[in-house]
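J.: output the structure for:
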Amino acid sequence: MDRRTLAQLLSPEGWTLLSQLPPYEEQQALQLAEGLRSRGLDAGLVAGALTQSRLRTKARAKFGEFASEMLFTDSGLEQATRLTVAARHARRYADAGATHIADLGCGLGGDAMAMAGLGLRVLAVELDEETAALATVNLRAFDHAQVRLGDATAIDLRSEGIDAVFADPARRTRSGARVFDPRAYSPDLDTLLGLREQVPNLGLKVGPGIPYTALPSQTHAQWVSVDRAVVEAGLWFGDLAPEGAGRSALLLTGGQEHLLSAPGDADARAAQAPVGDLGAYLYEPDGAVIRAGLVARTAELLEGTLVDESIAYITTQTLQDTPFAVGYRVLDSFDFGLKRLRAYLRTRNVGRLTIKKRGTAVVPDQLRQQLALRGQDEATIVLTRLRGQQSVLVVEPV
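T.: The predicted structure follows:
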């Protein structure tokens, strides 16, 4: 978005237009644009308003009703923290007694909004001019939140009176590709970790795929999933980590939260659960549990074993209740083979097939084409290894 379009959107005419647009529908966008231009509205304003309408509709998944009063960019929305997660970040800072927080790399201001919403004073720093402008708009309701255009690493935290830091480094290239190496973050992870010399109370948002070897041993690393989808990992230091060093998984689903944690060095290898024979039930741990290296802990809670030493599927003889894994009843199992699987499913009149996989190179969409099923019933199969053998498990959710 160029400066002219932003200025138009922030004008009384532009803001009124944004508030009056109907819910965004791709099929109606062209016709709506033509109608608005025919009324004499500037083409740039119309295009900008419809873009924001589209992004606001998409942003409801992260920001709920707040999205209708915010401005976005595609990349900024993609990287923004969900409001439910940002609220938990903010609570960490409030519980730690923080009063003036530096949000370094604030993006569109989602985390700063949650912090300011708890009455915390926030200095939000953003290097990108357009993003900083939109963050200023999004934080306009909070007098104690200030947005500053500049380099996050150039801020003198002590002289600013900062007593806690939250940093969300850029993890995408200019072309939009994801960055997985913490040394390639912007700012890089080592630079951000060095901020502890100025302010010990430091929180960092990192990619969920960060390797344990990249973690400082004395941090609390927490992976977060929302409705079974892993959305982030965070590193917490000082008073922001009352749990102490270690790793944890926070699951947010159905309006509830469930926490599974293990103390110790955050960079330690994940514990290994024992392997056993396939039982009557199969459990697929939540992605945050897997990322946090807590599969063995989950197996212990379930009184179960792994189906294979390198596969994150847990099996038990009895049905167990847990929020940390999805359970299935095992109906059948056999060695994997295309002809055998096709015959098995056709005999049972299966036409709709859910395919889950772990530890196999099979591509589900290709397999469906090869099976060419035409039945009326549905089934769920799991493609995995049982003690090293490629296998098919026929299951049903419990």
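J.: dump the residue contacts of Asp265.
T.: Contact analysis of Asp265 by CB atoms under 8 Å, 6 or more residues apart in numbering lists Ser217, Gln218, Ala245, Gly246. C-beta: built from backbone N, CA, C; applies to glycine.
J.: redo that, cut-off 6 Å
T.: Ser217 (CB atoms under 6 Å, 6 or more residues apart in numbering).
J.: so it, which of the three states?
T.: Secondary structure, DSSP: H, G, I helix; E, B strand; the rest coil: Asp265 is coil.
J.: Asp286 reaches Val224, doesn't it?
T.: No - the pair Asp286 / Val224 is not scored as a contact, 10.4 Å apart, by CB atoms under 6 Å.
J.: next, give phi and psi for the most centrally placed residue in the chain.
T.: Closest residue to the average C-alpha location of the chain: Val231 at 1.1 Å, with CA atoms, centre = their mean. Main-chain dihedrals, Val231, degrees, to the nearest 10: phi -110, psi -20.
J.: identify the residue nearest it in space, chain neighbours excluded?
T.: Nearest non-adjacent residue to Val231, counting by CB to CB, 6 or more residues apart in numbering: Val224, 5.6 Å away.
J.: ok so that neighbour is a strand residue?
T.: Yes - secondary structure assignment (three-state DSSP) places Val224 inside a strand.
J.: is it bridged to anything, and to what?
T.: Listed by DSSP bridges, the beta-bridge partners for Val224 are Glu232, Leu250.
J.: number of residues surrounding it?
T.: 27 (other CB atoms under 10 Å).
J.: right, and Asp111 touches Arg82 too?
T.: No - at 10.2 Å, Asp111 and Arg82 do not qualify as touching, with contact defined as CB under 6 Å.
J.: these two: which is more packed in?
T.: Taking neighbours as other CB under 10 Å, Asp111 and Arg82 compare with Asp111 leading, 28 against 18.
J.: what is the mean pLDDT for the helix or strand that contains that one?
T.: Following DSSP states H and E, one finds Asp111 within helix 110-117. Mean pLDDT, computed over helix 110-117, is 97.
J.: show me what whatever helix or strand comes next after it is packed up against.
T.: Remark: after helix 110-117, the chain's next helix or strand is strand 121-126, criterion DSSP H and E. Applying 3 or more CB pairs under 6 Å, 6 or more residues apart in numbering; DSSP states H and E, we find strand 121-126 packed against strand 100-104, helix 110-117, helix 129-138, strand 145-149.
J.: strand 121-126 pairs with which strands?
T.: strand 100-104 (parallel), strand 145-149 (parallel).
J.: so what touches the last one?
T.: When you say that, I think you mean strand 145-149. Ala112, Ala116, Val122, Leu123, Ala124, Val125, Ala132, Ala135, Thr136, Leu139.
J.: list the buried residues of that strand.
T.: Ala145, Val147, Arg148 (16 or more other CB atoms under 10 Å).
J.: show me the strands in the stretch 251-398 of the chain, by range?
T.: 256-263, 281-285, 305-306, 314-316, 325-335, 350-357, 377-386, 389-397 (DSSP state E, counting those that start in this stretch).
J.: contacting residues for Thr315?
T.: Leu278, Gly279, Leu282, Gly304, Val307.
J.: now the first one: phi and psi?
T.: Translated: Leu278. Per degrees, to the nearest 10, the backbone of Leu278 is at phi -60, psi 130.
J.: spatially nearest residue to it (excluding sequence neighbours)?
T.: In space, Leu278 is closest to Thr315, 5.4 Å off (CB to CB, 6+ apart).
J.: and stretch 61-72, which residues are buried?
T.: Lys62, Phe63, Phe66, Ala67, Met70, Leu71, Phe72.
J.: ok, Gly44 - contacts?
T.: Contacts of Gly44 (CB under 6 Å, 6+ apart): Thr5.
J.: still on that earlier bit, nearest to Ala177, of the buried residues of stretch 61-72?
T.: Phe72 (20.4 Å; CB to CB).
J.: so Val85 sits in a strand?
T.: No - counting by three-state DSSP, Val85 falls outside a strand, being helix.
J.: thought Thr305 was touching Asp277?
T.: No - counting by CB under 6 Å, Thr305 stays clear of Asp277, with 8.0 Å between them.
J.: give the residue from the two that has the larger number of neighbours.
T.: A count of neighbours by other CB under 10 Å puts Thr305 above the other of Thr305 and Asp277, at 18 against 10.
J.: quick check: closest non-adjacent residue to the more buried one.
T.: Thr305 sits nearest to Gly276 (CB to CB, 6+ apart), 3.1 Å away.
J.: rewinding a little: looking at the helices and strands packed on strand 121-126, which is nearest to Gly194?
T.: Going by CB to CB, the one of the helices and strands packed on strand 121-126 nearest Gly194 is strand 100-104, 12.3 Å.
J.: the closest one to helix 129-138, inter-axis angle?
T.: Direction vectors for strand 100-104 and helix 129-138, defined by axes from the mean of the first three to the mean of the last three CA atoms, to 10 degrees, enclose an angle of 140 degrees.
J.: give the buried residues for strand 100-104.
T.: Within strand 100-104, the residues scored as buried using 16+ other CB under 10 Å are Ile101, Ala102, Asp103, Leu104.
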